[in-house]
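1. Provide a 3D model corresponding to the input given below.
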Amino acid sequence: MAQQHHEMTGTGTGAGAAHEALAAHLQDQATEFLRSLRLHRESTTDAQGAEESLAAARSLRRAARRIGAALHTFRPLLDPQWSVALRPELAWLSGTLAQEHAYATRLERLLEALHRLSGPPQVPVPAAPVTSAASVAPVTVTRTAPGRPRPASADDRGGAQRGLTVGAAKAAALLERQLTLARTRAHSTALQALGSSRFHAVADSVAVLASEVPFSGATDDLEQLAARAESDLAEAVEALPLGRAGHPYNAEALAHGLHSAESAPDAQDAPWLKVRSLLRLYRYAHEVIQGPASLEPRVLDASRALNVHREAAAAASAAAQAARTPRIAPATAYALGVLHADQRHEVEAARFAFQRAWQHETVSTG
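-> Alright, predicted model coming up:
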């Protein structure tokens, strides 16, 4: 790609330089979109061809996201009728192509977590041998107050571990069956989308974009428009409970995830997902102005943390959905409940990582 066109110097801040930088970025992404589409169509049906097809679909989705983000952030510079019509179509295409990969990643994440959680229990340390009757401490019986939980003993913990091990295999089989079916349906939906007239209209618009960018004639500055994206991001981050997220293992994500209402975890995750979308817009706007290599490490770390947050939240929802399957064995339901709690703890850990990355201040050595 012609990354040299993306750099903006201090002398090139006029309308002409802004149009040139934005046009170079959009045309680069449009070219990548068309190249990925060609590779996807040329891929074979064998195993190697399937991998090439998936890689091409990912590149296609990545280019569609960047074009759509540029149309959103820099919309005053572009023809409004054209950009308003194309942007939702790109979002539809990107979302449709993302489903198959998302289901595969979710299944892999859940199976790895089940394997980790249902590992062999630790062998208890044998007690020291009793040498004499005088060394035996008197046995005292303590009674717990009514309604107060009794502390878990070693036998209790061992029984719980055995129960998880028994149900983990069936839970894994249930998850694999459900998510594989969902992935197959997503694959079929993606193939239908790529062969539809709706997609061909999108591809035609992107092909035109590769040769000519329809500008509106406005003279807004790229950096000012990118600053608005940064301001929207900062406002959304201010609304997050970063003070609570800054304490590891605060159990907020787990507590909200255990509500009976199915919408409770989604509502509690929504502000974080919004920040993830705005952070992506900020990153893509920054790429237009200075290139992808100039992003701060804290922005990349924060972005990775929010990606893990979304994946863990989706995995927890999948475990909860599987636990609502009728007529499953109690051991299977128990394993899925433990898995759900584990993924909500992963959500909490991702929030903690985002808080640490976002509030990290670079120390200058002068």
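2. gap between stretch 223-243 and the chain center?
-> Offset of stretch 223-243 from its chain centre (CA atoms, centre = their mean, to the nearest Å): 19 Å.
3. for stretch 198-207, same thing?
-> 27 Å.
4. pull it out as CSV, backbone CA atoms only.
-> Taking Å, rounded to 0.1, in the frame of the first residue of the first chain, the C-alpha atoms of stretch 198-207 are listed here in CSV:
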residue,chain,number,x,y,z
ARG,A,198,-26.8,-6.7,-2.5
PHE,A,199,-23.2,-7.6,-2.2
HIS,A,200,-22.5,-7.0,-5.9
ALA,A,201,-23.9,-3.5,-5.5
VAL,A,202,-21.4,-3.0,-2.6
ALA,A,203,-18.5,-4.4,-4.7
ASP,A,204,-19.4,-2.1,-7.6
SER,A,205,-19.4,1.0,-5.3
VAL,A,206,-16.0,0.0,-3.9
ALA,A,207,-14.6,-0.6,-7.4
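5. low-scoring stretches of the stretch 101-250 of the chain, by residue?
-> Residue ranges of the stretch 101-250 of the chain with pLDDT under 70: 120-164, 245-250.
6. mind doing that once more with 90?
-> 118-166, 216-221, 241-250 (pLDDT under 90).
7. ok, the stretch 251-366 of the chain next?
-> Ranges of the stretch 251-366 of the chain meeting pLDDT under 90: 251-268, 290-297, 359-366.
8. make it 50
-> 260-261, 263, 361-366 (pLDDT under 50).
9. in the stretch 1-150 of the chain, which spans are helices?
-> According to DSSP state H, counting those that start in this stretch, the stretch 1-150 of the chain carries its helices in the segments 15-42, 47-73, 80-117.
10. please spell out which residues along the shortest one are buried.
-> Right, the one you point to is helix 47-73. For helix 47-73, the neighbour count (16 or more other CB atoms under 10 Å) marks 52-54, 56-57, 59-73 as buried. (Glycine included, C-beta is placed from N, CA and C.)
11. let me know the angle separating that helix from helix 15-42.
-> Calculated by axes from the mean of the first three to the mean of the last three CA atoms, to 10 degrees, helix 47-73 forms an angle of 160 degrees with helix 15-42.
12. how far is stretch 167-187 from where the chain is centred?
-> 20 Å.
13. check stretch 346-359 too.
-> The answer for stretch 346-359 is 13 Å, by CA atoms, centre = their mean.
14. ditto for stretch 303-321
-> On CA atoms, centre = their mean, the centre of stretch 303-321 falls 6 Å from that of its chain.
15. export it to PDB, keeping only CA atoms.
-> Extracted in PDB, the C-alpha atoms of stretch 303-321 (Å, rounded to 0.1, in the frame of the first residue of the first chain):
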ATOM      1  CA  SER A 303      -7.900  -2.300  22.100                       C
ATOM      2  CA  ARG A 304      -6.600  -5.800  22.800                       C
ATOM      3  CA  ALA A 305      -8.200  -5.800  26.300                       C
ATOM      4  CA  LEU A 306     -11.600  -4.700  24.900                       C
ATOM      5  CA  ASN A 307     -11.400  -7.400  22.200                       C
ATOM      6  CA  VAL A 308     -10.800 -10.000  25.000                       C
ATOM      7  CA  HIS A 309     -13.700  -8.400  26.900                       C
ATOM      8  CA  ARG A 310     -16.100  -8.900  24.000                       C
ATOM      9  CA  GLU A 311     -15.000 -12.500  23.300                       C
ATOM     10  CA  ALA A 312     -15.300 -13.500  27.000                       C
ATOM     11  CA  ALA A 313     -18.700 -11.900  27.300                       C
ATOM     12  CA  ALA A 314     -19.900 -13.700  24.200                       C
ATOM     13  CA  ALA A 315     -18.500 -17.000  25.500                       C
ATOM     14  CA  ALA A 316     -20.200 -16.500  28.800                       C
ATOM     15  CA  SER A 317     -23.500 -15.900  27.000                       C
ATOM     16  CA  ALA A 318     -23.000 -19.100  25.000                       C
ATOM     17  CA  ALA A 319     -22.400 -21.100  28.100                       C
ATOM     18  CA  ALA A 320     -25.500 -19.700  29.700                       C
ATOM     19  CA  GLN A 321     -27.500 -20.400  26.600                       C
END
